[in-house]
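Trainee: Quick one, structure for this:
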Amino acid sequence: MTNILNNENTYYDKYQKYKIKYLSLKNIQTGGVFNKKIVMCNDTHSSDKPLIAYIMPKILFVMFLGNGANIKDWNENTKSKFLDRLKTLGSVYVYQDKVHNILHYDLNFPDHKEYDNDINFDLSYVKPNSHIKLVRNDISNKYKNIDDYKFIPIGWSAGSLLAQYFTQSYASQCLHCILIEPASIPINFIISEQFTVKSNIQFKKMLQNLKYCNTDDIVLMENIIWNLRLSFYSKHLKLKLQVPTTSFVNIEYPEIHKGNNKIRFDEIKLMNKHNPDKYEAIIFINKTHTIFNFIQPAKQIIKYCKSIITKI
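Mentor: Just a heads-up that it's a prediction; the model follows:
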């Protein structure tokens with residue numbers, strides 16, 4: 001009888017081990033707990049030593065576009081098919097920031113039809129604090145059990161500032177923040193008078209008038225929106241990072257845009273000064289502002305993201 005029981009225990013333990021392996025390979029989350037330590041053998045059939053499994057969290061990449069960008073710029077318009085590669089590592093959330101839809105009405109812009117005609121938004125939508133809440137709520141609506149996920153925000157160009165503020169606001173759920181050719185964090189920024197709007201009513205009226213205006217009016221609105229966001233970042237976006245952050249930066253050699261390289265190196269120096277243990281910069285040479293467009297750089301970014309996840 002004893003030998004039979006021992007055999008049953010052996011078979012049962014083997015079953016549990018395979019079960020643990022299966023769960024780990026499938027990246028299944030249990031109970032919304034990050035790296036949860038789970039004791040698998042707590043019944044009368046289990047052996048004296050409990051089996052322990054570490055269950056990986058689900059990963060969600062949250063994408064933030066640059067100024068004037070179209071949602072297709074992440075994938076369809078790239079040589080690398082960047083999002084297709086990213087989706088091999090986890091789920092990917094993308095959205096079209098409506099502020100860029102004003103380009104739909106710029107008839108002098110060759111790709112204006114690529115943008116939706118929806119410019120039904122107000123100052124609240126423009127402001128980063130309320131904007132990222134809308135993004136977070138949209139994520140919750142699209143993904144079940146959102147607390148089971150770990151976020152990796154990815155921001156390109158001006159979208160890097162939104163990505164950083166999103167990370168700052170939801171730090172406990174963010175695993176890492178990836179910045180691609182990031183815009184500089186503004187310090188002591190003041191909006192000039194020409195880009196100031198006095199009320200939400202004035203702003204909405206200006207937006208609707210864009211449907212019948214010229215390119216100069218659209219450029220003015222772009223500057224108003226950008227300056228409003230810069231003013232907010234200057235006051236609320238912290239240089240001290242709460243979450244590990246990596247920048248992928250392009251350096252020109254020879255330098256085409258004079259002063260660009262100095263700006264990049266100054267940014268890296270500043271971020272390293274405030275975050276010696278949480279910030280890293282990876283430099284590319286002559287890969288343009290859209291680094292992820294090219295196949296080899298895209299592969300390197302994907303490989304880096306994979307290394308972040310496998311360290312969990």
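Trainee: Can you show me the CA trace of the helix or strand hosting Asp216 as PDB?
Mentor: Here Asp216, judged by DSSP states H and E, is contained in helix 215-236. Taking C-alpha atoms only, helix 215-236 is exported to PDB below (Å, rounded to 0.1, in the frame of the first residue of the first chain):
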ATOM      1  CA  THR A 215      -2.600  76.100 -44.100                       C
ATOM      2  CA  ASP A 216      -1.300  79.000 -41.900                       C
ATOM      3  CA  ASP A 217      -4.300  78.700 -39.600                       C
ATOM      4  CA  ILE A 218      -3.700  75.000 -39.300                       C
ATOM      5  CA  VAL A 219       0.000  75.600 -38.400                       C
ATOM      6  CA  LEU A 220      -1.200  78.100 -35.800                       C
ATOM      7  CA  MET A 221      -3.500  75.600 -34.200                       C
ATOM      8  CA  GLU A 222      -0.700  73.000 -34.200                       C
ATOM      9  CA  ASN A 223       1.500  75.500 -32.300                       C
ATOM     10  CA  ILE A 224      -1.200  76.400 -29.900                       C
ATOM     11  CA  ILE A 225      -1.700  72.700 -29.000                       C
ATOM     12  CA  TRP A 226       2.000  71.900 -28.800                       C
ATOM     13  CA  ASN A 227       2.600  75.000 -26.600                       C
ATOM     14  CA  LEU A 228      -0.200  74.100 -24.300                       C
ATOM     15  CA  ARG A 229       1.200  70.600 -23.800                       C
ATOM     16  CA  LEU A 230       4.800  72.000 -23.300                       C
ATOM     17  CA  SER A 231       3.500  74.300 -20.600                       C
ATOM     18  CA  PHE A 232       1.900  71.400 -18.800                       C
ATOM     19  CA  TYR A 233       5.100  69.200 -19.000                       C
ATOM     20  CA  SER A 234       7.200  72.100 -17.800                       C
ATOM     21  CA  LYS A 235       5.200  72.200 -14.600                       C
ATOM     22  CA  HIS A 236       4.300  68.600 -14.000                       C
END
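Trainee: now it: mean pLDDT?
Mentor: Averaging pLDDT along helix 215-236 gives 96.
Trainee: Stretch 105-120 now?
Mentor: 94.
Trainee: Repeat that for stretch 163-178.
Mentor: 98.
Trainee: Run through the strands of the stretch 201-312 of the chain in chain order.
Mentor: 245-251, 279-285 (DSSP state E, counting those that start in this stretch).
Trainee: So which of those has the densest surroundings on average?
Mentor: strand 245-251 (a mean of 20; mean count of other C-beta atoms under 10 Å). (Each C-beta comes from the backbone N, C-alpha and C, glycine too.)
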